[in-house]
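Visitor: Give me a model of this one.
(2 chains)
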Amino acid sequence: DAGVIQSPRHEVTEMGQEVTLRCKPISGHNSLFWYRQTMMRGLELLIYFNNNVPIDDSGMPEDRFSAKMPNASFSTLKIQPSEPRDSAVYFCASSLASGGGGQPQHFGDGTRLSIL
Amino acid sequence: DQQVKQNSPSLSVQEGRISILNCDYTNSMFDYFLWYKKYPAEGPTFLISISSIKDKNEDGRFTVFLNKSAKHLSLHIVPSQPGDSAVYFCAAILRGNEKLTFGTGTRLTIIP
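Guide: Predicted coordinates:
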């Protein structure tokens, strides 16, 4: 079975450029999560969607970051304009949320982003 | 404010022995706890979870223990194998929520 697919795996770009990260969740999963991992802050949740609707974006650092989920099989995380401090590994995860909670999230292999 | 803490950044264990990874939390409203394993250049992989109403959950070589009064959980791996060498993250979920709050991770090295 295909897991969560993220693209690109690596992105190197110059400060000020727009960056778009992409994610395809596991088919049938109804929740999607974007995380960022840095040495200083570890793994932190940026935003999550349930049934394509953003539920909690309190982790989005600032207005330069935006995320969309136009359908159940695709999501993007966009940074515009990018800054060197945005350099990190960005993970996408999906889960089949149920009312009882505790469903494990399944992660993609991440996008390593470097802003020069 | 770090609500989920893994105080040991690294741990080395002899192959075949027991590995014990520890995690402490501060929020008594956490409802589920999960352990993830991460290899370099890969995403975290779910290992095992436990509900706050239980004190133990076992899956093969992996057992998670929860002590609610101490706000402490641990992951036991026995016997440890070389393939267990990875970074292990503890995570917690609040009741009625889906947000995972992660600890900072513990790097486990299994010595052959």
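Visitor: Stretch A:85-104 near chain B anywhere?
Guide: Yes - contact between stretch A:85-104 and chain B, assessed by Cβ under 8 Å from any Cβ of the partner chain, occurs at A:F91, A:A93, A:S95, A:A97, A:G101, A:G102, A:Q103, A:P104. Where C-beta positions appear, they are placed from N, C-alpha and C, glycine not excepted.
Visitor: can you pull the pLDDT of the second one?
Guide: Put plainly, it is A:A93. If you check A:A93, the pLDDT there is 97.
Visitor: And the contacts of the helix or strand that A:L77 is a member of?
Guide: Using DSSP states H and E, the element containing A:L77 is strand A:74-79. By Cβ atoms under 8 Å, 6 or more residues apart in numbering or on different chains, the list of residues contacting strand A:74-79 from outside reads A:18-25, A:32, A:34, A:46-47, A:49, A:64-69, A:86, A:90, A:92.
Visitor: May I see the ChimeraX selection of the buried members of those residues?
Guide: When burial is assessed using 16 or more other Cβ atoms under 10 Å in any protein chain shown, the buried subset of the contacts of strand A:74-79 is captured in ChimeraX by this command:
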select /A:19,21,22,23,24,25,32,34,46,47,49,65,67,69,86,90,92
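Visitor: Spit out the contact partners of the spatially closest residue to B:K71 that is not a sequence neighbour.
Guide: Excluding the flanking residues, the one nearest B:K71 by Cβ to Cβ, 6 or more residues apart in numbering or on different chains is B:Y25, at 5.1 Å. In this structure, B:Y25 makes contact with B:Q3, B:V4, B:K5, B:F33, B:K71, B:H72, B:L73, B:A92, judged by Cβ under 8 Å, 6+ apart.
Visitor: Mind checking which of those land in helices?
Guide: Among the contacts of B:Y25, no member is found in helices (DSSP state H).
Visitor: As CSV, these with pLDDT would be great.
Guide: Supplementary listing: the contacts of B:Y25 in CSV, determined by pLDDT from 0 to 100:
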residue, pLDDT
B:Q3, 92
B:V4, 95
B:K5, 95
B:F33, 96
B:K71, 97
B:H72, 97
B:L73, 97
B:A92, 95
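Visitor: Any chance of JSON lines for those, columns distance to A:T13?
Guide: Putting the contacts of B:Y25 into JSON lines (distance: Cβ to Cβ, whole Å) gives the following:
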{"residue": "B:Q3", "distance to A:T13": "34"}
{"residue": "B:V4", "distance to A:T13": "33"}
{"residue": "B:K5", "distance to A:T13": "35"}
{"residue": "B:F33", "distance to A:T13": "38"}
{"residue": "B:K71", "distance to A:T13": "42"}
{"residue": "B:H72", "distance to A:T13": "43"}
{"residue": "B:L73", "distance to A:T13": "40"}
{"residue": "B:A92", "distance to A:T13": "35"}
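Visitor: which one of the residues you listed is nearest chain A?
Guide: Using Cβ to the nearest Cβ, B:F33 is the member of the contacts of B:Y25 that sits closest to chain A, with 8.8 Å.
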